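[1] have a look; sequence and predicted model below, questions after that.
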Amino acid sequence: MIPQIVYVNAHIALNQTEYQRKYEGLTKCFGVVKATVESVIGQIKERTTRRNSIETFLSQLKKHGGILTDFDTMLWHSIVDHVTVSNQEELRFTFRDGTEITA
């Protein structure tokens, strides 16, 4: 719509105050839509990353087939994002899905 009103303004004599008001309204609307699209793209990327992490975890878990009896490094890395040591008695495990557990 912006190119259309610019074209009309260039070829037909228009009230410039009215043209400027329409142009500014359209550019403002474009800015809002652009921000929304960028937000949605960010959400898609975040969810895609999360999905890949879950698929990796499930793949590692399926390899074991049953109850886990031994520590598995690959499974650990597919589940745990990081561990924070607050003091000698407290550990905070942050999992790849964002869940946190304090032990």
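    Here it is on my side, so go on.

[2] surely Thr49 forms part of a strand?
    No: judged by DSSP: H, G, I helix; E, B strand; the rest coil, Thr49 forms no part of a strand; its state is helix.

[3] contacts only, for it.
    Residues near Thr49 by Cβ atoms under 8 Å, 6 or more residues apart in numbering: none. Yep, even glycine has a C-beta here, placed from its N, CA and C like the rest.

[4] give me the mean pLDDT for stretch 20-29.
    Stretch 20-29 carries an average pLDDT of 88.

[5] buried residues in it?
    Within stretch 20-29, the residues that count as buried by 16 or more other Cβ atoms under 10 Å are 22-23, 26.

[6] output those in a markdown table, with secondary structure and distance to Thr84 appended to each entry.
    Formatted as a markdown table, the buried residues of stretch 20-29 follow (DSSP: H, G, I helix; E, B strand; the rest coil; distance: Cβ to Cβ, whole Å):
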| residue | secondary structure | distance to Thr84 |
| --- | --- | --- |
| Lys22 | helix | 54 |
| Tyr23 | helix | 52 |
| Leu26 | helix | 49 |
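
[7] now those residues in a markdown table, with distance to Asp72?
    Below are these laid out as a markdown table (distance: Cβ to Cβ, whole Å):
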| residue | distance to Asp72 |
| --- | --- |
| Lys22 | 63 |
| Tyr23 | 62 |
| Leu26 | 57 |
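
[8] for the protein, name the helix or strand with the lowest mean pLDDT.
    Lowest on mean pLDDT, DSSP states H and E among the helices and strands of the chain sits helix 2-11, with a mean of 74.
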